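Asker: Can you look at this prediction? I've put the sequence above it.
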Amino acid sequence: MSRMTVSYESAAPVGIEFLSPARGAFGAVGGILGSLAAIAILLATVGIPVLGGLLGLRWLRQRLAVGPAAVG
């Protein structure tokens with residue numbers, strides 16, 4: 001027959017286990033805020049040039065549609 005030894009140790013003391021979900025939630029806030037900042041930067045770098053191009057096309061269309069002003 002073979003012999004097997006099993007040892008058991010708790011991962012955390014009982015008092016700290018009560019606050020661990022709250023600590024985990026507050027620890028995740030940094031990652032969430034970092035992701036939101038990355039999305040905002042991405043939207044700004046893509047959105048501002050696209051918006052500028054659309055507004056430029058709108059301005060150009062209005063400028064060409066009016067024609068030269070009448071003198072006199």
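Answerer: All right, it came through fine.

Asker: Could you tell me the per-residue confidence at the one residue sitting closest to the centre of the chain?
Answerer: Nearest residue to the geometric centre of the chain (Cα atoms, centre = their mean): Leu36, 2.5 Å. Leu36 is assigned a predicted lDDT (pLDDT) of 93.

Asker: Helix or strand: which one has it?
Answerer: Taking DSSP states H and E as the definition, one finds Leu36 inside helix 20-66.

Asker: And the residue nearest to the centre of the chain, how far from Tyr8?
Answerer: With distances taken as Cβ to Cβ, to the nearest Å, Leu36 is found 42 Å from Tyr8. Every C-beta, even on glycine, is put in place using the N, C-alpha and C of the backbone.

Asker: Same question for Arg63.
Answerer: Applying Cβ to Cβ, the value for Arg63 to Tyr8 is 80 Å.

Asker: Neighbour count for these two, which is higher?
Answerer: A direct count of neighbours by other Cβ atoms under 10 Å for Arg63 and Tyr8 places Arg63 higher, at 9 against 4.

Asker: Mind pulling up the pLDDT for that one?
Answerer: The model reports Arg63 with a pLDDT of 87.
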